[in-house]
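In: Sequence and predicted structure below; questions after.
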Amino acid sequence: MASPVVPVSAAYPRGMGIEDTLLRADPDSPGAGLFDLPGQTHPVLRQELLNKIHGRLTTRSNTFAVWMTVGYFEVTDRRARPVKLGRELGSDDGTNIRHRFFAVVDRTNLSVDPANPRLQGPRPVFFSYEPVPDANGFDPAAPGSVEAIIPASSFDGQTVRGLYDEGGWTLRTTDQLTIDVGDDQETVNVAIVSFDAKIGARIRFYCTMPHARGCSLTLARSRLGSPGPQPGFHVRSTRYAGVVRYFTQLD
């Protein structure tokens, strides 16, 4: 429901707090919350809409809880498509077996393997576009050269490394990033400018279009998209660890 409170830093010049959550103020109604009902003075009545919806909203999208039951049935016609099934094995004497599974699936990590578009690709790594302000405190204009901060944990002089969503990532000069989405999306070549363990890595690239602070940055080696049904899918494979975030057999 909320973003973590982040102090002001080079990576987050404005910091992060309650104004980055569902509890933010209504920009068109000074003193009121975004979901406050107009004309109501009592807090319970004023926040009735928020009380109804806050348990049904999340800052995550495309994330699902999946329950699955597997049963075993006789096939009466294997030539039909789909095949025709008969009775469940063991149902006549009460020895039928059903296995139940539970999983958490995150579709934001779906990607296409550049070497084989039918396979799941590398897990995407997302950053927030946080440009370094100019001498007057304004974000850099585009088209033009831009410097930005990305959170990173180490730099050996050639390669920046960091952790994202429980997985490691690397970035080198001449690697590419994809910035923004839709018609404003473009892929840029990156140069690593400096590194500060308290702030992260400072990178430089050239934009041909303007981009709003906070838009997405992704490592271009990951091509977002759905590869479709997976041949030889195995839920425990590391290839799918970013999509199947949790899996257990209940019985």
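Out: Thanks, I have the structure now.

In: ok, now which ones touch the closest residue to Met209 other than its chain neighbours?
Out: Residue nearest to Met209 in three dimensions, not counting chain neighbours: Asp184, with 5.5 Å by Cβ to Cβ, 6 or more residues apart in numbering. Every residue, glycine included, has its C-beta placed from N, CA and C. Counting by Cβ atoms under 8 Å, 6 or more residues apart in numbering, Asp184 touches 209-211, 215.

In: Of the residues you listed, just the buried ones, PyMOL syntax please.
Out: The buried subset of those, as determined by 16 or more other Cβ atoms under 10 Å, is captured in PyMOL by this line:
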select buried, resi 211
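
In: Which ones among the contacts of Asp184 lie within helices?
Out: Of these, none are assigned to helices by DSSP state H.

In: Output the contacts of Asp184 in TSV, with distance to Lys52 and pLDDT appended to each entry.
Out: Output for the contacts of Asp184, formatted as TSV (distance: Cβ to Cβ, whole Å; pLDDT from 0 to 100):
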residue	distance to Lys52	pLDDT
Met209	40	91
Pro210	38	89
His211	36	91
Cys215	31	90
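
In: quick check, nearest of the contacts of Asp184 to Val112?
Out: Ranked by distance to Val112 (Cβ to Cβ), the contacts of Asp184 are led by Cys215 at 21.7 Å.

In: That closest one reaches Leu177, doesn't it?
Out: No: if you go by Cβ atoms under 8 Å, Cys215 and Leu177 don't touch, sitting 11.6 Å apart.

In: that older thread, just the ones of the contacts of Asp184 in strands?
Out: The subset of these located in strands under the criterion DSSP state E is empty.

In: With distance to Leu34 added, can I get the contacts of Asp184 in TSV?
Out: Listed next are these as TSV, based on distance: Cβ to Cβ, whole Å:
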residue	distance to Leu34
Met209	29
Pro210	26
His211	25
Cys215	21
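
In: what's the closest of the contacts of Asp184 to Ile192?
Out: Closest to Ile192 out of the contacts of Asp184 is His211 (19.6 Å), distances taken as Cβ to Cβ.

In: ok, for the closest one, nearest residue in space, not its chain neighbours?
Out: His211 sits nearest to Asp180 (Cβ to Cβ, 6+ apart), 5.0 Å away.

In: do the same with Leu250
Out: Nearest to Leu250 is Arg100, by Cβ to Cβ, 6+ apart, at 4.2 Å.

In: residues touching that neighbour, list them.
Out: Arg100 makes contacts with 67-70, 249-251, as judged by Cβ under 8 Å, 6+ apart.
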